[in-house]
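Enquirer: please find the sequence and the predicted model below.
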Amino acid sequence: MREASALPAPTTAGSDDRVLRCRYGTVDDFQIERFLDGIGAFAGAGANVIVQLANRPVGYGVVESTVESGRADVHPWKRLRTTLTYIAVAMLGTEQDRDIYREAVGTVHRHVRSRPGAAVKYNAFDPELQKWVAVCLCWGVLDINERLYGPLDRDTKEVFVQYGARFGTGLQMRPGMWPADLDEFEHYFATGLANMRIDDPVAEYLRKLIGLRNVARPRWLANFHRFAVIGLLPEPMRAQLYLPWTDAQERRHRLLFRAIGAGYGLLPDRARLFPYSTLLWDMRRRHRRGRPLV
């Protein structure tokens, strides 16, 4: 497991402004290279996308999208690359990187909107929908970290949640919309799960992703992916999608992730950051050569 230094005491920037500090620094100097794990890209990406689509307009926006190049059911590997590149840019990239990718994503999102008369209205530029997607991404990074290495202290989660605001501002979300603190963040996410409603068209789409029915794959890989993804889903989502999950499966799932963390945490930072570091490098290379980014 990764060795954690002792937590320094919170510091105060002024008489009224408390600057929260954790073992990875503050929001302004957060050592993301020590915190982020590339294994989350492989283990958690599928589950996180499914949680995002639990928001009804987001789900319909993806299922009904006419932008075929960005559909996971048509171009799964391309969609995976662009999604993970977004995480890499948001977490590891410079402000210039985020500006570049925001513009590229915006070019695609302009075409993602409901048709006139649609039963469920959506617009990929809706800041509230972008906020839900961003919060899910931030929640996913925290969730994977705790599953691999054990519970995080509150200060670390508090600082990372504020650092994670860039998930939203990278999607044109207004900065002031981001949850003010960890309590507000957790309340927002829990409320979103409690209010979710997954209609049949979206549920069928999600089951296809869970079972890897959109890609050619050996049966064992599909079974493993299904086990890994279902175990990462919040319980309300399993119930909505009629996905059975036993206590024995939960124990095996937790043991699996802790075993992965025990080995993965021994790797040097450069190795742990793969594939995020490689995807950030590839994004910059594509931009220099004038190639599409999404």
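Expert: That came in fine, so what should we check first? Residues are numbered from 1 along each chain as shown.
Enquirer: run a quick neighbour tally on the residue lying closest to residue 144 once chain neighbours are set aside.
Expert: Counting by CB to CB, 6 or more residues apart in numbering, residue 40 is the residue found nearest to residue 144 once chain neighbours are left out, at 3.9 Å. From N, CA and C alone the C-beta is placed, and that goes for glycine too. Using other CB atoms under 10 Å, residue 40 is surrounded by 21 other residues.
Enquirer: show the contacting residues for residue 40.
Expert: 140, 141, 144, 145 (CB atoms under 8 Å, 6 or more residues apart in numbering).
Enquirer: show me which of those residues is closest to residue 100.
Expert: residue 141 (21.7 Å; CB to CB).
Enquirer: tell me the mean pLDDT over the strand or helix carrying residue 48?
Expert: Take DSSP states H and E as the rule and residue 48 turns out to sit in helix 39-52. What helix 39-52 shows for mean pLDDT is 86.
Enquirer: what stretches of the chain score poorly on pLDDT?
Expert: 1-17, 67-76, 214, 216 (pLDDT under 70).
Enquirer: what's the longest helix in it?
Expert: helix 127-149 (DSSP state H).
Enquirer: if you count neighbours, what's buried in it?
Expert: Going by neighbour count (16 or more other CB atoms under 10 Å), the buried part of helix 127-149 is 129-145, 147-149.
Enquirer: re earlier: turn the contacts of residue 40 into CSV, columns for distance to residue 291.
Expert: Below are these laid out as CSV (distance: CB to CB, whole Å):
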residue, distance to residue 291
140, 28
141, 28
144, 30
145, 32
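Enquirer: so who does the residue nearest to residue 286 when sequence neighbours are not counted touch?
Expert: Here the nearest residue to residue 286 in space, its sequence neighbours aside, is residue 293; by CB to CB, 6+ apart that works out to 5.5 Å. The contact partners of residue 293, by CB under 8 Å, 6+ apart, come to 82, 85, 100, 101, 104, 283, 286, 287.
Enquirer: list the contacts for the third one?
Expert: With contact set as CB under 8 Å, 6+ apart, residue 100 has these partners: 283, 287, 293.
Enquirer: the last one falls within a strand, correct?
Expert: Meaning residue 293. No - using DSSP: H, G, I helix; E, B strand; the rest coil, the secondary structure at residue 293 is coil, not a strand.
Enquirer: circling back: now, which of the contacts of residue 40 sits nearest residue 120?
Expert: Among these, and counting by CB to CB, the member closest to residue 120 is residue 140, at 24.1 Å.
Enquirer: need the contacts of residue 293 in TSV with secondary structure, can you?
Expert: Below are the contacts of residue 293 laid out as TSV (three-state DSSP):
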residue	secondary structure
82	helix
85	helix
100	helix
101	helix
104	helix
283	helix
286	helix
287	helix
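Enquirer: can you map out the helices along the stretch 101-250 of the chain?
Expert: In the stretch 101-250 of the chain, the helices defined using DSSP state H, counting those that start in this stretch lie at 127-149, 154-163, 166-169, 182-194, 200-210, 219-232, 235-240, 247-264.
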